[in-house]
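*Asks:* Here's a sequence, model it:
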Amino acid sequence: MPPLSPLVEAEELQSVLHQADLVLVDASAGPGARDRYTENHLPGALYADLESDLSGDKSNPSQGGRHPLPDLKVFLGYLASLGISSNSHVVVYDDKSGANAASRYWWMLRAIGHDNVQVLNGGLPAAVKAGIALTDKKTTTVATAQRIVHSWQLPLADIEEVEDVSHDQNHLVIDVRDKFRYDGESEPIDLIAGHIPGATNIPFAENLDKDGKYLSKDELKEKYTKALAGKPMENTIVHCGSGVTACHTILAMAYAGFEIPKLYIGSWSEWSRTNRPMVTKKK
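*Replies:* Numbering: from 1, shown residues only. Below you'll find the model as predicted:
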């Protein structure tokens, strides 16, 4: 069997909605997201909360950022409580066309060795457009046995590594935030506007077409081949504000056929709180 594509189209999803091993997850995030899920979600979908289910202790953003990874055992227990087993085909979506928190969920499942996971291309709007009826019916679950995983299995970079390689010409540190945040013009979330010295800005929104779907494999392949400029993937680190939208770009790279690069979870929310050098807008 060929490897499962990181993305699934709404029409493909429609054809497998009734498969017994399918687990749908709504990872919509932001104010009111849970209420929106309660009122309208795909049939059978469970809800994943970015703040509580996909993140750990957020009390000290200077150590891990605003959305640090949860304790691995806690996350495995959460998956077991939803009935997600090693045999489950997980499809995750959110109500943002680009599937931002959904891509974080995808990364976390891949990072525990669960390869049978996909993100719905275009998110909830694409499903609605394809004619999949939404429901407010509550989804019940049957817990499964908790799997045993001892460490995150996808490459991670910590703040020390980012600092060590950010100016190394053989490495690439990609900042996927909007350009105005990278440029230091303004910062809507974190305390300081700007970027990590040496980081290259490739906004995650550029992974998408005008309809909010990922660009084609060929387009993404060309885009990131140019950005990498021959640098090996093991020398590539991707970050954002807090380790969420960075996963969007990592998914885009995987979809284009690249090996998965390193994720810097703490991202700008951690870096900007640690008195390290920062590039900010000149007054």
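
*Asks:* How much space separates the residue nearest to Ile202 when sequence neighbours are not counted from Asp183?
*Replies:* Excluding its sequence neighbours, the residue lying closest to Ile202 (CB to CB, 6 or more residues apart in numbering) is Ile174, at 5.3 Å. Every residue, glycine included, has its C-beta placed from N, CA and C. To Asp183, Ile174 is 15 Å away according to CB to CB, to the nearest Å.

*Asks:* Show me which of these two is the more surrounded one.
*Replies:* Comparing Ile174 with Asp183 by other CB atoms under 10 Å, the one with more neighbours is Ile174, at 23 against 16.

*Asks:* In a helix, that one, correct?
*Replies:* No - secondary structure of Ile174 (DSSP: H, G, I helix; E, B strand; the rest coil): strand, not part of a helix.

*Asks:* Name whatever forms a beta bridge with it.
*Replies:* Thr200, Val238 (DSSP bridges).

*Asks:* Surely it is in contact with Ile237?
*Replies:* Yes - the pair Ile174 / Ile237 is scored as a contact, 7.0 Å apart, by CB atoms under 8 Å.

*Asks:* Need the residues touching each of the two.
*Replies:* Pro261 (CB atoms under 8 Å, 6 or more residues apart in numbering).

*Asks:* count of neighbours near the nearest residue to Asn235 once chain neighbours are set aside?
*Replies:* Using CB to CB, 6+ apart and skipping residues adjacent in sequence, the residue nearest Asn235 is His171, 4.4 Å away. Close neighbours of His171, defined as other CB under 10 Å, add up to 20.

*Asks:* is it true that His171 touches Thr236?
*Replies:* Yes - with contact defined as CB under 8 Å, His171 reaches Thr236; the gap is 7.3 Å.

*Asks:* any common contacting residues for the two?
*Replies:* Contacts common to His171 and Thr236, judged by CB under 8 Å, 6+ apart, are absent.

*Asks:* May I ask which helix or strand encompasses the residue nearest the centre of the chain?
*Replies:* Compute the mean C-alpha point of the chain, and by CA atoms, centre = their mean the closest residue is Arg104, 2.6 Å away. Here Arg104, judged by DSSP states H and E, is contained in helix 100-110.

*Asks:* In CSV, could you pull the C-alpha coordinates for that helix?
*Replies:* The C-alpha trace of helix 100-110 is given here as CSV (Å, rounded to 0.1, in the frame of the first residue of the first chain):
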residue,chain,number,x,y,z
ASN,A,100,-4.6,25.3,11.1
ALA,A,101,-5.3,23.5,14.4
ALA,A,102,-6.2,20.4,12.3
SER,A,103,-2.6,20.3,11.0
ARG,A,104,-1.3,20.4,14.6
TYR,A,105,-3.5,17.4,15.4
TRP,A,106,-2.1,15.7,12.3
TRP,A,107,1.4,16.4,13.4
MET,A,108,0.8,15.1,16.9
LEU,A,109,-0.7,11.8,15.6
ARG,A,110,2.2,11.4,13.2
